[in-house]
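Engineer: build me a structure from this.
(2 chains)
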Amino acid sequence: GAVVSQHPSWVICKSGTSVKIECRSLDFQATTMFWYRQFPKQSLMLMATSNEGSKATYEQGVEKDKFLINHASLTLSTLTVTSAHPEDSSFYICSASAGTGILYEQYFGPGTRLTVT
Amino acid sequence: EDKVVQSPLSLVVHEGDTVTLNCSYEVTNFRSLLWYKQEKKAPTFLFMLTSSGIEKKSGRLSSILDKKELFSILNITATQTGDSAIYLCAVAGNKLVFGAGTILRVKS
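Structural biologist: Here you go, the predicted model:
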């Protein structure tokens, strides 16, 4: 149980284009979903927290107009990187929790490797 | 600012050895501490600890939390090459904060 999928697993896009990454909880309802990014040889950095049906809460330093998060249903959250630039190249990982906030275990998706050329 | 520090940063052992990974933290409004194993892709959940002194065990892995001294350890006994991974400690306070991880390499 507790499977989270992400799509796509990797994507290469040109500078200036937008990329959408999907995160789905396959066998449970995810009240809360989290988006992280991870640079090579570094740990995960939380970008934003989203609860179903409400606006995402972004961490300090994360541009909400650049990283659009939508949590439209209890099984799907999307992250759109708008007007991507090479410095946005990173490993993006989502996680989902069956509870509200961080009191519950988070289950991670397999990640999406984004390369912006 | 919330902080999670893991040690050692990396470790090389031989199969069969026992290893202890450390995680110390300073967070506001502590709720739980979590351990994850990360291989090539996203982290997989190992343990969640909320109470001091209660060991959690799964096969050859075990973990314990000391909320007074603000640290946790993850033990792996009889290590195998498949244990080679990055082990991440994360602490849930007002948000989930990850440590930098310990890179474990088990040589055959």
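Engineer: in the chain, where is pLDDT below threshold?
Structural biologist: You didn't pick a chain, so chain A it is. Applying pLDDT under 70 to chain A picks out residues A:1, A:99-104.
Engineer: for it, which residues are neighbours of chain B?
Structural biologist: Residues of chain A found near chain B (C-beta under 8 Å from any C-beta of the partner chain) are A:34, A:42-46, A:49, A:59, A:93, A:95, A:102-103, A:105-111. The way it works is simple: take the backbone N, C-alpha and C, and place the C-beta from them, glycine included.
Engineer: residue contacts, the closest residue to residue A:25 other than its chain neighbours?
Structural biologist: Leaving aside its sequence neighbours, residue A:25 sits nearest to residue A:96 (C-beta to C-beta, 6 or more residues apart in numbering or on different chains; 4.4 Å). By C-beta atoms under 8 Å, 6 or more residues apart in numbering or on different chains, the contact set of residue A:96 is A:4, A:23, A:25, A:28, A:30, A:32-34, A:77, A:106-107, A:109.
Engineer: now, the residues you listed that are in strands?
Structural biologist: A:4, A:23, A:25, A:32-34, A:77, A:106-107 (DSSP state E).
Engineer: I'd like to know which helix or strand in chain B has the lowest mean pLDDT.
Structural biologist: The helix or strand of chain B with the poorest confidence is strand B:96-98; it has a mean of 85 (mean pLDDT, DSSP states H and E).
Engineer: ok, the nearest residue in space to residue A:53 that is not next to it in sequence - how many residues close by?
Structural biologist: Excluding its sequence neighbours, the residue lying closest to residue A:53 (C-beta to C-beta, 6+ apart) is residue A:71, at 7.1 Å. Counted with other C-beta atoms under 10 Å in any protein chain shown, residues neighbouring residue A:71 total 25.
Engineer: now residue A:35
Structural biologist: 27.
Engineer: any idea how far residue A:59 is from it?
Structural biologist: Look at residue A:35 and residue A:59: by C-beta to C-beta, to the nearest Å, they are 10 Å apart.
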